[in-house]
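> pasting the structure only:
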């Protein structure tokens, strides 16, 4: 029987105070929409509710979410007509991938006699989840490092890890005993994205271990490439035009310190002729605008840089502390600064 899960304005009491759907309904073929059965009913103070389905053969699951806000959620598995709660921290991201469960922690989590720090990404067998096994940690927590993107091939987990403002790529696979990771030779530094292409519904999928790699940098235009997770082969598919001549320029990740002692990472863009003599006395780093850690500024390819004869920079904060301590228009100084 064909089924669609739908959320919309079904009438009074079906929208949250924020104007989003508070009901997710199961709409079966041949039914009137008004007859669709309610899967979950949220509360007016909730942000919204939603439903998703994983159709991977042999691992079919339906997920139901109660979104308390943009960060905190309650998650359920739909078992027939019954909702089975998934035990997780409300602010943690949790996803199922084939026989595995992956959890991304935003705050410390004490479980099974151990406390996992915020920023850790955990993985375990889905059949073991809830019986609190010893998790394998795919990416360890670090004050300057967090996972900003995750995708999968047929057998690998692809991660984009932000180290301060620098994106790095990692590929993880299970060797039968443990999860092993290795660095991917991706463009550096810049804004990186990885998207797996495997379709589990296609037998002998020719793209099972392939993925798209998107990249843009402060000195390079956006590119889209096709890569193999098995061989590492990379084929450029598309690229946007370059709006200026970046030859003779370089972008270097740096860290400044705000008045309250918070480290604020940024990029310093300068002519290569200043190599070894950055003349930082002429560098004034200005924050154009800031957002919290959940929407970090990342490198992009500008249409033009002004004043190439001077050091030009853009500031890219990645920590909640930096975002909260800094203010629009705040000037950070790197060494002696001239106005």
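Ah, there it is. Fair warning: this is a prediction, and the values are worked out from it, not measured in the lab.
> and the closest residue to residue 194 other than its chain neighbours, what element?
Of all residues not flanking residue 194 in the chain, residue 158 sits nearest, at 4.4 Å (Cβ to Cβ, 6 or more residues apart in numbering). The way it works is simple: take the backbone N, C-alpha and C, and place the C-beta from them, glycine included. Per DSSP states H and E: residue 158 is located in strand 156-163.
> beta partners of the spatially closest residue to residue 239 that is not a sequence neighbour?
Of all residues not flanking residue 239 in the chain, residue 223 sits nearest, at 4.6 Å (Cβ to Cβ, 6+ apart). Beta-bridge pairing of residue 223 under DSSP bridges involves residue 215, residue 239.
> who's in contact with residue 223?
187, 214, 215, 216, 236, 238, 239, 240 (Cβ atoms under 8 Å, 6 or more residues apart in numbering).
> contacts only, for the first one.
When you say that, I think you mean residue 187. With contact set as Cβ under 8 Å, 6+ apart, residue 187 has these partners: 215, 217, 220, 223.
> swap the cut-off to 6 Å and go again
residue 215 (Cβ atoms under 6 Å, 6 or more residues apart in numbering).
> sorry, back to before: mind checking pLDDT for the residue nearest to residue 239?
Per-residue pLDDT puts residue 223 at 95.
> now residue 213. Nearest residue, chain neighbours left out?
residue 225 (4.6 Å).
> kindly report the same for residue 106.
Nearest residue to residue 106, sequence neighbours excluded (Cβ to Cβ, 6+ apart): residue 91, at 4.4 Å.
> next, count neighbours for the residue nearest to residue 213.
Look at residue 225: counted by other Cβ atoms under 10 Å, it has 18 neighbours.
> so which strand or helix has it?
Assigned by DSSP H and E, residue 225 falls within strand 223-228.
> residues near the residue nearest to residue 157 when sequence neighbours are not counted, how many?
Counting by Cβ to Cβ, 6+ apart, the nearest residue to residue 157 once its immediate chain neighbours are dropped is residue 172, at 4.4 Å. By other Cβ under 10 Å, 20 other residues sit near residue 172.
> I figured residue 50 hits residue 65, correct?
Yes. Residue 50 is within contact range of residue 65, at 4.8 Å (criterion: Cβ atoms under 6 Å).
> which helices and strands sit right next to whichever strand or helix holds residue 51?
Here residue 51 sits within strand 48-54, counting by DSSP H and E. Strand 48-54 sits against strand 61-67, with contacts defined as 3 or more Cβ pairs under 6 Å, 6 or more residues apart in numbering; DSSP states H and E.
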